[in-house]
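> The sequence isn't on hand, but the structure is:
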């Protein structure tokens, strides 16, 4: 058994209730009787995409941590690929705590650059 993290990006038109239904189904494939366990689920909600995917500029993000045998992942990924409301997903081996909702960094003002522009030699 290994720890994994998956990021789901659902179509922006999918409501949160429908997302939860899908997650329940997906997580049932890797947890419960199958010997895996869902350790954390974090709904990030609707976010802007870095680039358009299937003509969409935003998506509904969910991050999940789970433990399972690696042998279960190919079938799990096959089922995810068949879902037309799932724009993208990424599964990685987890080596830390659950990532929290990203907060954009505050813009930095570089005062040194401004001082150099106004100086004449």
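Yep, it's here. From a predicted model like this one, the values you see are computed outputs, not experimental measurements.
> Would you indicate which residues of the helix or strand residue 22 falls within are buried?
Per DSSP states H and E: residue 22 is located in helix 16-30. Buried positions in helix 16-30, judged by neighbour count with 16 or more other CB atoms under 10 Å: 19, 22, 23, 26, 27, 29, 30. For glycine as for every other residue, the C-beta is placed from the backbone atoms N, C-alpha and C.
> of all those, which comes closest to residue 49?
Nearest to residue 49 out of the buried residues of helix 16-30 is residue 19 (CB to CB; 16.3 Å).
> what's the span of stretch 60-79, first residue to last?
End-to-end distance of stretch 60-79: 19 Å, with CA to CA, to the nearest Å as the criterion.
> how much space is there between the spatially most central residue of the chain and residue 33?
In the chain, the C-alpha nearest the mean C-alpha coordinate belongs to residue 7, at 2.5 Å (CA atoms, centre = their mean). Going from residue 7 to residue 33 by CB to CB, to the nearest Å gives 25 Å.
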